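Undergrad: the sequence isn't on hand, but the structure is:
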């Protein structure tokens, strides 16, 4: 896939598609974390050929996260932190490549940072 660059308008236009994908991934992540205390016994049972409904549910949650992250990445968007729904859109600003930075709880794409700066280097557009 070719490296795609986004304008602010293009990035914002994708938010109605991205929000449900991230909402599902974040909810699946929440369920995985909530099940964490039960995961070790499930894994021990699985090693002994036992089964568990909880393992199946957690596996489905992992698959949801993986599917949704891949769907986002297939659009040329980088998932930076699945814990917070942080994503970067590659873009050009002042003649150099940067990242438009958006987090799931934000109303629109309103920040950018240098490609090597990350979230700590975020600046308002």
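TA: Received, thanks. All figures in this text were calculated on a predicted structure; none of them were measured in a lab.
Undergrad: what helices or strands is the helix ranked longest in the chain leaning on?
TA: For the chain, the helix that runs over the most residues, judged by DSSP state H, is helix 8-47. For helix 8-47, the packing partners by 3 or more Cβ pairs under 8 Å, 6 or more residues apart in numbering; DSSP states H and E come out as helix 53-73, strand 86-93, strand 96-103. In short, each C-beta sits where N, CA and C put it, glycine included.
Undergrad: in the first one, which residues are buried?
TA: By that I understand helix 53-73. Across helix 53-73, burial judged by 16 or more other Cβ atoms under 10 Å covers 55, 58, 61, 64-65, 68-69, 72.
Undergrad: stretch 89-98 now?
TA: Buried residues in stretch 89-98, counting neighbours by 16+ other Cβ under 10 Å, are found at 89-91, 98.
Undergrad: please apply the same query to stretch 79-86.
TA: Of all the residues in stretch 79-86, those buried under the rule 16+ other Cβ under 10 Å are 79-80, 82, 85-86.
Undergrad: coming back round to it: angle of the longest helix of the chain against strand 96-103?
TA: Calculated by axes from the mean of the first three to the mean of the last three Cα atoms, to 10 degrees, helix 8-47 forms an angle of 60 degrees with strand 96-103.
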